[in-house]
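Peer 1: Here you go, sequence then predicted model.
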Amino acid sequence: MTDASHGTAPSTFLKGHGTENDFVIVPDPDGLLDLSAAQVARLCDRRAGIGGDGLLRVVRSAAHPEAAALADRAEWFMDYRNSDGSIAEMCGNGVRVFARYLQRAGLAEAGDLAVATRAGVREVHIAKDGDDGAPGGITAGMGRANLPGGAVTVTVGARSWPALNVNMGNPHAVVFVDDLDDAGDLFRAPAVAPAAAYPAGTNVEFVVDRGPRHVAMRVHERGSGETRSCGTGACAVMVATARRDGLDPAVTGHPVTYTVDVPGGRLVITEDTDGLIEMTGPAVIVAEGVIDPALWTPHPAG
């Protein structure tokens, strides 16, 4: 690969969002870039860069060492980075936006699409455009939830709550609260104990009920702070809520669907009897442009 700070840097970018969880999209089909954490963070900076909750690098699976083994199942690899430049396993809103980019670029059509991620291959369905010409929704297969078990506690200020540990390919701590304001400002990560439950940190979701099989949430995303939406978090919330409500499709033999409101919109999550989870929601490309080469140079010291 070529280090973007010393050789070929990407000249083009796109900007997209899924329920206002927004991303900088960097096409790199041949895997020529080696973006440093600092470069990613600068691109995602909302004042000094393009701005985004994260970055989606679009790479052919065969061209990326982490995805080459998946190339026979998925042509494209979503190299996802948090806004601080750290690497993440999976992003549910991101994979929908990733698929929308492939469709826009003529690299995928409406219908079924496999996308390689660090959490494995995810199956995506791109709906056909509506009669009004608006883009159809995108459904992403999110895999199965893993519930590691063990007591977990989340603390904000002087208040603490029990949480459910849910892994969706990335870690989550789900907390049920009386009011979403109980989460505080979420600029900083809530304290989660024991630390051994999440050795690499975790996303934390705060949840309130809105009606039958309908909840709302706020989220602190690991490496990004509070975001307007988190797809894997919404799936974790759906599973945690279903279990709280005594619903487990593997036991009842019936799929279960919940509506999850996030600050940036609405997602619909279904868990099937085999444990597989699907998430449906919007994905929109809002802009594309050219990156100024000066953006790749380090900030001045001082």
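Peer 2: Here it is on my side, so go on.
Peer 1: Could you verify my assumption that Tyr285 touches Gln103?
Peer 2: Slight slip there: residue 285 is Ile, not Tyr. No. Counting by CB atoms under 8 Å, Ile285 does not reach Gln103; the two are 9.1 Å apart. (C-beta placed from N, C-alpha, C; glycine too.)
Peer 1: Which of these two has more residues huddled nearby?
Peer 2: The neighbour comparison of Ile285 against Gln103 (other CB atoms under 10 Å) goes to Gln103, with 22 against 18.
Peer 1: which ones are touching that one?
Peer 2: Gln103 sits next to 109-110, 126 when contact means CB atoms under 8 Å, 6 or more residues apart in numbering.
Peer 1: Show me which of those residues are buried.
Peer 2: Buried by 16 or more other CB atoms under 10 Å: Ile126, out of the contacts of Gln103.
Peer 1: Tell me both backbone torsions, phi and psi, for the nearest residue to Val24 once chain neighbours are set aside.
Peer 2: Sequence neighbours aside, Gly52 is the residue nearest to Val24 in space, at 4.3 Å (criterion: CB to CB, 6 or more residues apart in numbering). Main-chain dihedrals, Gly52, degrees, to the nearest 10: phi 180, psi 160.
Peer 1: How far away from the center of its chain is stretch 226-237?
Peer 2: 7 Å (CA atoms, centre = their mean, to the nearest Å).
Peer 1: any weak-confidence spans in the stretch 51-200 of the chain?
Peer 2: When residues are selected by pLDDT under 70, those of the stretch 51-200 of the chain lie in 130-135.
Peer 1: can you give me the strands for it?
Peer 2: Listed in chain order, the strands of the stretch 51-200 of the chain (DSSP state E, counting those that start in this stretch) span 54-60, 76-82, 111-117, 120-126, 138-144, 152-156, 159-167, 171-176, 191-193.
Peer 1: on contacts alone, who are the packing partners of the fourth one?
Peer 2: Contact partners of strand 120-126 among helices and strands, from 3 or more CB pairs under 8 Å, 6 or more residues apart in numbering; DSSP states H and E: helix 92-104, strand 111-117, strand 138-144.
Peer 1: One more: the shortest one?
Peer 2: Contacts of strand 191-193 with other secondary structure elements, assessed using 3+ CB pairs under 8 Å, 6+ apart, are made with strand 152-156.
Peer 1: Sheet-wise, list the partners of the strand it packs on with their directions.
Peer 2: Note on strand 152-156: by DSSP bridges, its sheet partners are strand 159-167 (antiparallel), strand 191-193 (antiparallel).
Peer 1: Pull it out as CSV, backbone CA atoms only.
Peer 2: Written as CSV, here are the backbone C-alpha positions of strand 152-156 (Å, rounded to 0.1, in the frame of the first residue of the first chain):
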residue,chain,number,x,y,z
VAL,A,152,-22.5,-5.1,33.9
THR,A,153,-23.1,-1.6,35.3
VAL,A,154,-23.2,1.8,33.5
THR,A,155,-22.6,5.0,35.5
VAL,A,156,-23.3,8.6,34.5
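Peer 1: Check which residues of whichever strand or helix holds Ala236 are buried.
Peer 2: Ala236 is located in helix 231-244, with elements delineated by DSSP states H and E. With burial defined by 16+ other CB under 10 Å, the residues of helix 231-244 counted as buried are 231-242.
Peer 1: Can you list the neighbours in contact with the next helix or strand after it?
Peer 2: With elements assigned by DSSP H and E, the helix or strand that comes after helix 231-244 is helix 249-252. Applying CB under 8 Å, 6+ apart, the contact partners of helix 249-252 are 255-256, 271-275.
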